[in-house]
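Engineer: Okay, here's the prediction I keep looking at, along with the sequence it came from:
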Amino acid sequence: MTDLAERDEIRRAWAKVVATARRTTAEGLVVGTSGNVSARIGDVVLVTPTGVPYDRLGPGDAVGVGLDGRRLFGALLPTSELPMHLAVYRATDAAAIVHTHAVHATAVSTLVTEMPLIHYMAAALGGPVRVAPYALYGTDELARHILTALEGRTGCLLRNHGTLTYGATLDQAYDRTAQLEWMCRVWLTATAVPGRTPALLSLEQLDEVAGKLRGYGQRG
């Protein structure tokens, strides 16, 4: 790949990172400058900067770091949550990560250690969604908790904090975030009905869904 082609790929990827970050605020998954988004292009991780409103970011504000955390380019400082992004990229095949402070998911993270199987879309995240134990944001301890919660999964909840999902593309990572928030909302809604306990799916039923999802979507 030529330098020119590489720069063009990074430019296009940065535009998608910014668009996805703006979408998290537009759709109510974060407030202000909370949450963060990243994408991996080879050994370069493009990540949203710390403390900058997403609507102020432009093409010249790209922030790139190496997998070792070394800043490669960009005048702005990367997100304070950089350790967890890098940990996920080093440990998985992720090409994109979305981290939010979604309301319903954050609420559920304070109530359980694993998201109850309220809906079959849990299969799209690899199975029952675990809750990573609380740790101070931006720390290696939090990153370690997240990696444990992500074993065999593509998303998790962060106790008293929010969500993290990853995927092969930013669209996929974002869709997983949105699905997780929706499932949390469904469970909270069902559990709020006095005198009733919501029916849950079994692991066997979830495995059946996982098999069917592998053939889901358009072909060709």
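Structural biologist: Arrived safely. Residues are numbered from 1 along each chain as shown.
Engineer: Tell me who's in contact with the nearest residue in space to G138 that is not next to it in sequence.
Structural biologist: On the basis of CB to CB, 6 or more residues apart in numbering, the spatially nearest residue to G138 that is not a chain neighbour turns out to be S80, at 4.0 Å. Every residue, glycine included, has its C-beta placed from N, CA and C. For S80, the contact set (CB atoms under 8 Å, 6 or more residues apart in numbering) comprises 50, 137-138.
Engineer: Weed out the non-buried ones from these.
Structural biologist: Using 16 or more other CB atoms under 10 Å as the burial test, the contacts of S80 include 50, 137 as buried.
Engineer: quick one on the thing from earlier: which of the three states applies to the residue nearest to G138?
Structural biologist: Three-state call for S80 (DSSP: H, G, I helix; E, B strand; the rest coil): coil.
Engineer: buried set for stretch 54-74?
Structural biologist: Using 16+ other CB under 10 Å as the test for burial, stretch 54-74 gives 54, 57, 62-65, 74.
Engineer: so how far is that stretch from its chain's centroid?
Structural biologist: Between the centre of stretch 54-74 and the centre of its host chain there is 18 Å, according to CA atoms, centre = their mean, to the nearest Å.
Engineer: Repeat that for stretch 44-59.
Structural biologist: In terms of CA atoms, centre = their mean, the centre of stretch 44-59 is set 16 Å apart from its chain centre.
Engineer: Ok, stretch 116-134 next?
Structural biologist: That offset, for stretch 116-134, works out to 13 Å (CA atoms, centre = their mean).
Engineer: what about that stretch, how long is it end to end?
Structural biologist: Using CA to CA, to the nearest Å, the end-to-end distance of stretch 116-134 comes to 19 Å.
Engineer: does A21 sit in a helix, a strand or a coil?
Structural biologist: On the three-state scheme (three-state DSSP), A21 is labelled helix.
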